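In: Using only what follows, build the 3D model:
(one chain, ligands or ions: 3)
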Amino acid sequence: MSENLPNSTPRHVAIIMDGNGRWAKERLLPRQAGHNAGAKAVERTLQAAQKAGVEFLTLYAFSTENWIRPQEEIDGLMKLLEQTLDKYTKEAEKNNFRLWVSGEREPLPARVLEKIDYAVNATAENTGLTLNLALNYGARQEITHAVNALIAEGKTSVTPEDLQKHLYHSALPDPELIIRTSGEERLSNFLLWQAAYSEFYFTPVLWPDFTEAEFNKALDAYRARTRRFGGL
Ligand code: IPE
Ligand code: IPE
Ligand code: MG
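Out: Numbers count the residues shown, from 1 in each chain. Ligands and ions are numbered 1, 2, ... in the order given. Below is the predicted model of the structure:
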């Protein structure tokens with residue numbers, strides 16, 4: 001757990017990127033146009049996080065609950081993801097980004113899995129910012145996955161540290177700051193374990209309108225918080 005350093009920049013920022021559909025609706029555009037605009041906001045945020053000295057950026061891209069959306073929207077999102085992964089892999093070489101993915105592989109399409117594997121391998125040795133894409137991610141699934149791994153090891157009693165070891169990325173520090181755009185104020189099955197002491201920042205800005213300035217505003221809000229971790 002990180003200590004409270006006044007004016008410090010969080011090591012790990014996690015973002016629930018929400019509001020693509022409403023952004024498109026406001027413009028009488030198809031929902032996919034909102035997702036496409038959202039992909040541009042991802043690039044801006046990645047640059048902003050790198051500039052600010054953030055080490056880990058987790059972006060909630062697709063939840064385990066999002067499969068109930070219309071097939072056409074899911075197909076569009078998967079296609080966008082493939083394109084983004086291609087672009088990201090190229091940029092990662094330039095910017096020294098490392099890609100991690102948190103989530104279950106099933107039932108992601110084979111083409112997406114191939115691109116993920118390629119990007120994760122190609123960037124594994126990079127030493128810059130780690131972009132952790134939460135994809136087909138659900139926090140209850142992550143915790144259950146860890147519990148099952150512990151059962152498979154024959155454990156009959158576990159500690160929080162044992163569970164931490166079997167999360168999708170045991171080396172991922174807890175996010176000091178969790179941002180959610182679009183005015184919704186809920187976790188939607190995101191990082192339930194890791195969020196135990198996170199600071200939350202909610203903004204009405206829709207994800208496609210999210211900018212470097214908005215990101216820095218969230219960091220400033222975080223820096224103004226007092227974190228007590230149960231102490232005085
Ligand atoms: C977030 O935007 C993107 C995903 C969940 C994939 P939404 O698509 O949820 O946008 P709204 O909430 O309908 O506006
Ligand atoms: C959360 O957004 C998931 C992602 C941002 C990927 P949703 O739009 O799916 O969340 P709910 O349904 O409003 O809770
Ligand atoms: Mg939404």
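In: what's the helix or strand of the chain with the lowest mean pLDDT packed up against?
Out: Confidence across the helices and strands of the chain bottoms out at helix 71-95, with a mean of 94, counting by mean pLDDT, DSSP states H and E. Under the contact criterion of 3 or more CB pairs under 8 Å, 6 or more residues apart in numbering; DSSP states H and E, helix 71-95 touches helix 31-52, strand 56-63, strand 98-102, helix 110-123. In this view, the C-beta of every residue, glycine as well, is placed from N, C-alpha and C.
In: what does that helix rub up against?
Out: Applying CB atoms under 8 Å, 6 or more residues apart in numbering, the external contacts of helix 71-95 come out as 31-32, 35-36, 39, 42, 50, 61-62, 66-67, 97-99, 108-109, 111-112, 115-116, 118-119, 122-123, 126, 128-129, 131, 135.
In: before we move on, back to that, most packed of the helices and strands packed on helix 71-95?
Out: Burial of these is given as mean neighbour count (mean count of other CB atoms under 10 Å); strand 56-63 ranks first at a mean of 23.
In: That one and ligand 2 in contact?
Out: Yes - contact of strand 56-63 with ligand 2 (CB under 6 Å from any ligand atom) involves Tyr60, Ala61, Phe62, Ser63.
In: Quick one: residues contacting the second one.
Out: Just to be clear, that refers to Ala61. Met17, Leu81, Leu133, Ala134, Leu135, Tyr137.
In: does the least confident helix or strand of the chain come close to ligand 2?
Out: No - Helix 71-95 stays clear of ligand 2 (CB under 6 Å from any ligand atom), getting no nearer than 9.2 Å.
In: residues from the chain in reach of ligand 1?
Out: Met17, Asp18, Gly19, Asn20, Gly21, Arg22, Phe62, Asn66, Leu77, Ser182, Trp207.
In: try 8 Å this time
Out: 17-25, 31, 34-35, 38, 60-63, 66, 69, 73, 77, 182, 184, 206-207 (CB under 8 Å from any ligand atom).
In: Any chance you could spot the residue sitting in the middle of the protein?
Out: By CA atoms, centre = their mean, the chain has its centre lying nearest to Leu59, at 2.1 Å.
In: Now the phi/psi pair for Pro107, please.
Out: Backbone torsions for Pro107, taken as degrees, to the nearest 10, come to phi -100, psi 50.
In: Looking at it now. What's its pLDDT?
Out: At Pro107, the model reports a pLDDT of 97.
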